[in-house]
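# got a sequence here, can you model it:
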Amino acid sequence: MSTAPILFSLEKTVPICRIQLYRDVVCKEKYGPLDRVWICPGHVFVSVRDGRQLYTFDTKNTTQDENKGCLDLQNLDPPLLEVLSYDANQSVYIVQQNGYVQCWKFRADRIWILEQEFNICNSNRSEVTSVCLHPTHNTLYWCEKRTTSSSGQSVFCICRRKITNGEETVSEHELGPVEAIMHNICLCHLHPLQHGLAIVIKSKPPLVSMVIYWNQSSNSVTMYSGPYTLVVENSTSSQAFDFTSLAFKFISISIQVRNKYAMLGYAYNTQKMELTIIEEGSVMRRLSAGSRMCDKLNEVQLEVGADKIEKGATWFCHQGNLGLLHKTKLLLFDMDSGKLVNSIAPQEGSVFLGMCNTSPASVVSAVYTGDNVYVIMKQKKKEEWDFSTTSSLKDFQTTALHIAHLEQEKTDNPSTKVKQSLSHLKQTWQKSKDQKPGTKLAEIVAPYLEEYWKLENISTEAFQPSKLACPTCVEDEVLHILDPNSSLLMSDRHARLLSLAHSNPKQVLAVLESQMEFDTDDISAAQIQRWQCILAPDVSVSPVSSDVAVPMFEHICRLLYKLEPKKLMQFVKICQMINDQKVGVSAFIRKRQAIHYYERAVVCIQDIDDVVTSPDSAQAFVSLLLASKQEHCETRALQFYLDAGQWELSLDLLRDYCDNSQLHFLLFHRLLDKFNKEDVLTDYAVMVFSMMPNIKSLSSVTELIPPCDTWTALDVFSSSCVPFGQIKPILQKKLLAEDPAD
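Have a look, this model is predicted:
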């Protein structure tokens, strides 16, 4: 079995605490459109309202406990910039655009606590444009936009600050100092590499895009643009790089790449800490930082035209594949060959909005739409199996496997060739069935194989015209099946009777009705033994000597339900009455006293799925169900009426239980709920509310509708236009009937 990626809803993949709030925030967008989503082991962070609100949804542990202390931030001003997961310490750093940082830790008792608060910017006029957390350096890196008060111009600077990984809360003064790495840089994006930092400058042509790798240990930079590189050492380790100086040194390369190697996008692999650049012409380059510089600079051609890449599309890495996220599709390419391996479309009516940010410890990739978050997972892909090739090779462990595949082929594509193959296998089996099996597997399968050929004989012989009586009509055929002197096996009789009942139900029912009297409760003695034979289950051999040799209770119940449902209750009633009278003092009768024929009738009718429920058939089934006195039979009866759309019958049934206060309330609530959902409450409002148990029941109506801040009549019956003028007197009467003390 091969595998193929597929989208699974996040809430169906992991157990999420506060699931109702999650659905309100993500699926219903109750608090505003989704802004961004972050996923790390055990936690999902969702921002809405352009980053001004943050909700945290923790996953349940093995004991399925809900979390005790939630991390939700409201009215963030300025908005949220990034949520950085520090997986080793079970904490997150929440960074706002002004550089204000909050460090929250998730304790073992499932409570979020605030550990640190500090500001990484030196001025109130500064703004953070990009930030990342290096998991091994224990350091925050960020690009800071500074606006000068005199000229009003903006300059960018890349800085870093050492943070603590201890368990105790520390103050801002105890953190490491802010250090500048590079001055006068352009607007850029930062990502941690193994021994340093990747600085991605994505510029619009004719400006040159590039990637700068800063190595912490050697304090050197390697500049990349297309296939060209330039290494620059810093002679003074204490001083920061000046990007203006670096750009001047890179100018010769910039001239060569100005009109080509334009950067279309890039993808960052959080687990491997690798960067993949996608250039004009759909060329992919992978950069992996070694101890001194980027050791890898592989070039791979992607199997996609540059004109098919949407502007603003997102690139990402997923389990050895490079992903391209458009609004209407998700493409996955093999990282080694560049070939397109899969294409995934969003759910109908939605579009992809973006990728979920994942932490280094997270092994999943996820995307989000306007109303859901989906995890990209692998699913086993069923491969087509070539039956003809396998059959020709005779590559079967046993004959039973060969028969099984031939049976499937006979079902899917019946042909003479398949029938001949089965016939040949049968002849081979008949010749060798008395021989000792050659293997243990053949010995185990042998009894099942013998049973198969017996069933095959029944299916081929049972439906052939009778050789003894040669009946000329359906009535003669049925009478021949019922003849106790017939040589047919009991299984053959049942098979042939079922076949006739399916093709000629009215004629078969007429013959069966002629064999007994059930229009009256007074059954003659001559009919007693005949009825005893009818009462036996379909699967048993008739135990009583009679001129009716086939148990027919289930047969008759099914036919009456389909054709004459008004007679069904009377038929079952007589069967139950005869059983209760203990007529015919035989061992069978004493043994079968516990049989409840109402229950038997209910069970066999429930198996019928090809009948349109009419009022008569619905009443017949409900009568049997109530007579069976099964547990919750009243509730099941009402639900059957409601599912069948028999509104008047359901109201009649509710009226029968007005004297049973507890059951009346339960049935009324269920009926009202169904009527409201099916938009029929308008037509039956007066009848429904006239049977309301008491005025207190009105409060249960609100439970059927989602809560609102203020209730109105239209809120309560949002799907129906209830004639309140007509039901008002009914409600007033119910109110006056209540005891004032209640």
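# pretty sure Arg125 contacts Ser149?
Yes. Judged on C-beta atoms under 8 Å, Arg125 makes contact with Ser149 at a distance of 7.1 Å. Heads up, the C-betas are built off the backbone N, CA and C, glycines and all.
# with neighbour numbers in mind, choose between those two.
Using other C-beta atoms under 10 Å, the more surrounded residue of Arg125 and Ser149 is Arg125, with 13 against 7.
# tell me the helix or strand right after the helix or strand of the chain with the lowest mean pLDDT.
Within the chain, judged by mean pLDDT, DSSP states H and E, the helix or strand with the poorest mean is helix 587-591; its value is a mean of 43. Proceeding N to C from helix 587-591, the next assigned helix or strand is helix 597-606, under DSSP states H and E.
# chain center to that next one: distance?
On the basis of C-alpha atoms, centre = their mean, to the nearest Å, helix 597-606 sits 34 Å off its chain's mean C-alpha point.
# and it, C-alpha only, in CSV?
The C-alpha trace of helix 597-606 is given here as CSV (Å, rounded to 0.1, in the frame of the first residue of the first chain):
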residue,chain,number,x,y,z
TYR,A,597,-44.0,-12.5,19.1
TYR,A,598,-44.4,-8.7,19.2
GLU,A,599,-40.7,-8.4,19.6
ARG,A,600,-40.1,-10.9,16.8
ALA,A,601,-42.3,-8.9,14.5
VAL,A,602,-40.6,-5.6,15.4
VAL,A,603,-37.2,-7.1,14.7
CYS,A,604,-38.0,-8.6,11.3
ILE,A,605,-39.8,-5.4,10.2
GLN,A,606,-36.8,-3.2,11.2
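# what are the buried residues along it?
Within helix 597-606, the residues that qualify as buried by neighbour count (16 or more other C-beta atoms under 10 Å) are 597-602, 604-605.
# elements contacting that helix?
The helices and strands touching helix 597-606, judged by 3 or more C-beta pairs under 8 Å, 6 or more residues apart in numbering; DSSP states H and E, are helix 553-563, helix 568-581, helix 615-628.
# change it to 10 Å
Packed against helix 597-606 by the contact rule (3 or more C-beta pairs under 10 Å, 6 or more residues apart in numbering; DSSP states H and E) you find helix 553-563, helix 568-581, helix 615-628, helix 633-643.
# tell me which of these lies nearest to Ser220.
Closest approach to Ser220 among those is made by helix 633-643 (74.7 Å; C-beta to C-beta).
# and after that closest one, which helix or strand comes next?
If you walk from helix 633-643 toward the C-terminus, the next helix or strand you reach (DSSP H and E) is helix 647-656.
# helix or strand right after that following helix?
Downstream of helix 647-656, the next assigned helix or strand under DSSP H and E is helix 661-677.
# that following helix vs helix 633-643, what angle?
Using axes from the mean of the first three to the mean of the last three C-alpha atoms, to 10 degrees, the inter-axis angle of helix 661-677 relative to helix 633-643 is 10 degrees.
# helix 661-677 to helix 647-656, inter-axis angle?
For helix 661-677 against helix 647-656, the angle by the same axes, to 10 degrees is 160 degrees.
# name the helices or strands packed onto helix 661-677?
For helix 661-677, the packing partners by 3+ C-beta pairs under 10 Å, 6+ apart come out as helix 633-643, helix 647-656, helix 681-690, helix 698-701.
# closest to His191 out of those?
Ranking these by their distance to His191 (criterion: C-beta to C-beta) puts helix 698-701 first, at 56.2 Å.
# quick one: mean pLDDT over the closest one.
Taken as a whole, helix 698-701 has an average pLDDT of 52.
# what's the longest helix in this structure?
If you go by DSSP state H, the chain has its longest helix at helix 440-461.
# mind listing what's buried in it?
Within helix 440-461, the residues that count as buried by 16+ other C-beta under 10 Å are 442, 445-446, 449, 452-453, 458.
# other SSEs contacting it?
Right, helix 440-461 is packed against helix 399-412, helix 416-432, helix 490-503 by 3+ C-beta pairs under 10 Å, 6+ apart.
# and the angle for it with helix 416-432?
Counting by the same axes, to 10 degrees, helix 440-461 lies at 120 degrees to helix 416-432.
# what's in contact with helix 440-461?
Defining contact as C-beta atoms under 10 Å, 6 or more residues apart in numbering, one finds that helix 440-461 is touched by 397-401, 403-404, 407, 422, 425-426, 429-430, 433, 435-437, 439, 467, 488-489, 491-492, 494-496.
# what's the first helix or strand after it?
Downstream of helix 440-461, the next assigned helix or strand under DSSP H and E is helix 474-482.
# report all helices and strands that that next one contacts.
Using 3+ C-beta pairs under 10 Å, 6+ apart as the contact definition, the elements that helix 474-482 packs against are helix 490-503, helix 505-514.
# among those, which is nearest Gln153?
Distance to Gln153, taken as C-beta to C-beta, is lowest for helix 490-503 among these, at 88.2 Å.
# buried ones in that closest one?
By neighbour count, and taking 16+ other C-beta under 10 Å as the criterion, the buried residues in helix 490-503 are 492-498, 500-501.
# rank the helices and strands packed on helix 474-482 by pLDDT, which is bottom?
For the helices and strands packed on helix 474-482, mean pLDDT drops lowest on helix 490-503, to a mean of 75.
# and the strands in the stretch 201-350 of the chain?
With DSSP state E, counting those that start in this stretch as the criterion, the stretch 201-350 of the chain has strands at 210-215, 220-225, 228-233, 241-242, 263-269, 274-279, 283-289, 294-301, 314-318, 321-325, 330-334, 340-344.
# redo these as JSON lines? Include distance to Ala620.
Formatted as JSON lines, those follow (distance: least, C-beta to C-beta, whole Å):
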{"stretch": "strand 210-215", "distance to Ala620": "78"}
{"stretch": "strand 220-225", "distance to Ala620": "81"}
{"stretch": "strand 228-233", "distance to Ala620": "86"}
{"stretch": "strand 241-242", "distance to Ala620": "89"}
{"stretch": "strand 263-269", "distance to Ala620": "66"}
{"stretch": "strand 274-279", "distance to Ala620": "69"}
{"stretch": "strand 283-289", "distance to Ala620": "70"}
{"stretch": "strand 294-301", "distance to Ala620": "71"}
{"stretch": "strand 314-318", "distance to Ala620": "58"}
{"stretch": "strand 321-325", "distance to Ala620": "58"}
{"stretch": "strand 330-334", "distance to Ala620": "54"}
{"stretch": "strand 340-344", "distance to Ala620": "51"}
